[in-house]
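*Asks:* okay, structure incoming, though there's no sequence with it:
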């Protein structure tokens, strides 16, 4: 295949066809498309029409089945030669991609390191990477958060980090797949401002969107429908220069929900809740929601709306106060209360892919009615009724994970409606839906409202709130704006301590030496030396006792149980106490104390190194220490896998909990059944968890391709590891401790 670079349009598609089923159906059928330098294009169309597929073709992340594709002047695909992998790699060096869910695009746990990942893959000289990172973060207004953890940021901030990562690669084309779908109005405005700024720099923009005001800023509007792409710019021409037609951050003109209601369906009575690592999210909330009303829950990302919904659904219990739903009152809900609650309350979650777990849409919708004990005929009736109501009866036999994001959301709504709840909580039910689907969901809500269903609508769409709601409940846990909820790092933070600044290689070697030495401690003198060294390290790490306790408490409980067991089974020494058939002796106490303390030292040291060292630093250290084996091992690839595993383990854990919550909210036996029923329910969770892992892996593979990572290709390293004086002093200190432990065997007490 020729690789001659032609000046002109950076993106050219001719007669492109694409199929997911070997040609039985065509998602794209004969697409012709040109994107000029610096042009801004909006891709619109119904859910499942192929917009995201086309975006991937434009970004060089997928190859078509037929046609010709030229990206950045390189012919990457034609019918005569097929896909040219080398040409694709060259083209992707100038094309940036931002996905709808930026969480799958972030590969490290430090903002600056994540932005530098792309330039490192491109082999940019380390001396130049710092400037690129600074310029990219400044362009998106995130330079003051360069040392923060992007995985702990809001959705809007993560999108800005993802865009910065593309800018640092000097991308000439930026492809965005609904980047604002899950954002609150202020965060959405922030991201759109960044995109406008990037476009003004001469970067071509291709954006998949359903928002009219995002379409209004486009030079051309292309509609994807029935496999073809049509230019519909004229249809949207009137939108240029007029005020935004989508909701703004201004609150709707609706009455506020009061502290009491005449005929309440939902009551929160002085409810407070805080997660283990933060201030109260819900603080002394008292509110009553009228039966049969529709209430909009509004407020910025992170203000507590979803937490309110989880409390209402008894997926978490309040720290203080009580909750009442349909005359069922609880603070710490018992199994019987939860089972009764599931019959009257339904929850449509924010991310539909976490609420789907059956092999077909029909089976998934049937999950709730079956848990209500209905016979097969009644279940079939409920399922068909729900599918017809949301308009996806034709998708009944499809795999829910093969559907588009919008179709998945409709399937999730159908699954909840099939349970016929009297109180319905809907968390962003229209996010990522096209106009027709949005109107369908709104019509469903009006129908349910007319039937007397109490609806709590969590939304960022103020126009929808105005049209659908009778009242609103405003959450204000943070101030909307770019500075809101930003994870600042204070000088007292553990990440700025003496221990955190140690070279990770010195830290790993020193900590492992101390941890292994703990297993050799057999005397009180050695334990005293070990405890003193550990206490000094903990103090130097600036870790608060609360953070340390949260990280070790499960292990502490296990150790205490093991210590108690040792006390009861070791009978050497002088008897001290007789308890039934058990004898407590001095030998038992000594063995229990020795085992408990030395294992505690190991656990505390492990917690300190994990809390003061980013996963990125740990894997960089591993790669450096294993570099001597580079000729026989794929050290770079092993280090990347370690980094990604550490990065995504918390994500998988969160998704597991979400799937568990989804099953519980639809009456699953995972929380209310017998022990055997719970075991079977947990087994049922395994399939969607694996589906989630595969989905994350697929998205991650796309993200690595988009950021030009290539297996076996050398990468530059922005921050080469260097040992400093403090690192050598730390290792000397560790050596002194080890010597003291060795000498203490001579002077036992």
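*Replies:* Nice, I can see it. Quantities reported herein were computed from a predicted structural model and do not represent experimental measurements. Numbering: from 1, shown residues only.

*Asks:* residue 228: neighbour count?
*Replies:* Other residues within reach of residue 228, judged by other CB atoms under 10 Å, total 15. From N, CA and C alone the C-beta is placed, and that goes for glycine too.

*Asks:* for it, what are its contacts?
*Replies:* Residues in contact with residue 228 (CB atoms under 8 Å, 6 or more residues apart in numbering) are 28-31.

*Asks:* which among these end up buried?
*Replies:* 28-29, 31 (16 or more other CB atoms under 10 Å).

*Asks:* got a list of what the spatially most central residue of the chain touches?
*Replies:* Central residue of the chain (CA atoms, centre = their mean): residue 103, 4.8 Å from the mean position. Taking CB under 8 Å, 6+ apart as the criterion, residue 103 is in contact with 151, 158, 651.

*Asks:* so which of these is the most crowded?
*Replies:* residue 158 (24 neighbours).

*Asks:* between the buried ones among the contacts of residue 228, which is closest to residue 302?
*Replies:* residue 28 (37.9 Å; CB to CB).

*Asks:* distance of the closest one from residue 266?
*Replies:* Distance of residue 28 to residue 266, computed by CB to CB, to the nearest Å: 46 Å.

*Asks:* run a quick neighbour tally on residue 442.
*Replies:* There are 16 residues near residue 442, going by other CB under 10 Å.

*Asks:* what stretches of the stretch 101-250 of the chain score poorly on pLDDT?
*Replies:* Residues of the stretch 101-250 of the chain meeting the criterion pLDDT under 70: 154-155, 237-250.

*Asks:* how about the strands in it?
*Replies:* Using DSSP state E, counting those that start in this stretch, the strands of the stretch 101-250 of the chain run over 173-177, 204-208, 220-225, 228-231.

*Asks:* need the contact partners of the longest one.
*Replies:* Here strand 220-225 makes contact (CB under 8 Å, 6+ apart) with 28, 33, 39-46, 49-51, 54, 215, 229-233, 235-236.

*Asks:* PyMOL command for the buried members of the residues you listed?
*Replies:* The buried residues among the contacts of strand 220-225 can be selected in PyMOL (16+ other CB under 10 Å) with this line:
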select buried, resi 28+33+39+40+41+42+43+44+45+46+49+50+51+54+215+229+232+233+236
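
*Asks:* among the contacts of strand 220-225, which are in helices?
*Replies:* Among the contacts of strand 220-225, the ones falling in helices (DSSP state H) are 51, 54, 215.

*Asks:* can I see the domain layout of this structure?
*Replies:* 11-239, 264-480, 494-632+722-744 (automatic domain parsing).

*Asks:* looking at this structure, which residue lies furthest from center?
*Replies:* Farthest-out residue of the chain from its mean C-alpha position, per CA atoms, centre = their mean: residue 574, at 56.6 Å.

*Asks:* and the buried ones among the contacts of residue 228, which is closest to residue 290?
*Replies:* residue 28 (49.0 Å).

*Asks:* so the closest one makes contact with residue 69?
*Replies:* No: shown here, residue 28 and residue 69 do not form a contact pair, counting by CB atoms under 8 Å, at 11.4 Å.

*Asks:* need the residues touching each of the two.
*Replies:* Residues touching both residue 28 and residue 69 (CB under 8 Å, 6+ apart): 16, 57.

*Asks:* circling back to that earlier point, I'd like the ones in helices among the contacts of strand 220-225 written out as JSON lines, with distance to residue 405 added.
*Replies:* As requested, the ones in helices among the contacts of strand 220-225 are exported to JSON lines (distance: CB to CB, whole Å):
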{"residue": "51", "distance to residue 405": "10"}
{"residue": "54", "distance to residue 405": "15"}
{"residue": "215", "distance to residue 405": "19"}
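
*Asks:* closest to residue 713 among these?
*Replies:* Closest to residue 713, out of all of the ones in helices among the contacts of strand 220-225 and judged by CB to CB, is residue 54, at 28.5 Å.

*Asks:* what about that closest one, distance to residue 222?
*Replies:* Noted for residue 54: a distance of 9 Å to residue 222, by CB to CB.

*Asks:* same check, this time on residue 569
*Replies:* Residue 569 is 75 Å from residue 222, by CB to CB.

*Asks:* and the two? Which one has more around it.
*Replies:* residue 222 (21 against 11).

*Asks:* just list whatever residues bridge to that one.
*Replies:* Listed by DSSP bridges, the beta-bridge partners for residue 222 are residue 43, residue 231.

*Asks:* correct me, but residue 100 touches residue 183?
*Replies:* No: Residue 100 lies out of contact with residue 183 (CB under 8 Å); the separation is 10.5 Å.

*Asks:* surely residue 324 is in a strand?
*Replies:* Yes: judged by DSSP: H, G, I helix; E, B strand; the rest coil, residue 324 forms part of a strand.

*Asks:* Three-state assignment for the nearest residue to it once chain neighbours are set aside, please.
*Replies:* Of all residues beyond its chain neighbours, the one nearest residue 324 is residue 267 (4.1 Å), with distances taken as CB to CB, 6 or more residues apart in numbering. Here residue 267 is recorded as strand under three-state DSSP.

*Asks:* what's the neighbour count on residue 267?
*Replies:* Look at residue 267: counted by other CB under 10 Å, it has 19 neighbours.

*Asks:* please apply the same query to residue 357.
*Replies:* 25.

*Asks:* was I right to think it contacts residue 663?
*Replies:* Yes: when contacts are counted by CB under 8 Å, residue 357 is listed as touching residue 663 (6.8 Å).

*Asks:* ok, which stretches of the stretch 551-700 of the chain are strands?
*Replies:* Taking DSSP E, counting those that start in this stretch, the strands of the stretch 551-700 of the chain run over residues 575-579, 582-585.

*Asks:* tabulate those strands (CSV), appending mean neighbour count and distance to residue 89.
*Replies:* Putting the strands of the stretch 551-700 of the chain into CSV (neighbours: other CB atoms under 10 Å; distance: least, CB to CB, whole Å) gives the following:
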stretch, mean neighbour count, distance to residue 89
strand 575-579, 10, 71
strand 582-585, 16, 69
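
*Asks:* distance to residue 378 and mean pLDDT added to these, as a markdown table?
*Replies:* Converted to a markdown table, the strands of the stretch 551-700 of the chain look like this (distance: least, CB to CB, whole Å; pLDDT from 0 to 100):
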| stretch | distance to residue 378 | mean pLDDT |
| --- | --- | --- |
| strand 575-579 | 57 | 75 |
| strand 582-585 | 57 | 74 |
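
*Asks:* which one of those strands lies closest to residue 454?
*Replies:* When those are compared for distance to residue 454 using CB to CB, the nearest one is strand 575-579, at 56.1 Å.

*Asks:* format the strands of the stretch 551-700 of the chain as JSON lines; extra columns: distance to residue 692.
*Replies:* Listed next are the strands of the stretch 551-700 of the chain as JSON lines, based on distance: least, CB to CB, whole Å:
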{"stretch": "strand 575-579", "distance to residue 692": "49"}
{"stretch": "strand 582-585", "distance to residue 692": "47"}
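
*Asks:* between the ones you listed, which gets nearest to residue 732?
*Replies:* For the strands of the stretch 551-700 of the chain, proximity to residue 732 was assessed by CB to CB; strand 582-585 is nearest, at 41.6 Å.

*Asks:* which neighbouring elements make contact with that closest one?
*Replies:* Helices and strands touching strand 582-585, by 3 or more CB pairs under 8 Å, 6 or more residues apart in numbering; DSSP states H and E, are helix 545-569, strand 575-579.

*Asks:* mind telling me which of the ones you listed the model trusts least?
*Replies:* Among the helices and strands packed on strand 582-585, strand 575-579 carries the lowest mean pLDDT, a mean of 75.

*Asks:* tell me which strands and helices that one is in contact with?
*Replies:* strand 582-585.

*Asks:* who does the strand it packs on pair up with?
*Replies:* Applying DSSP bridges, strand 582-585 is found paired with strand 575-579 (antiparallel).
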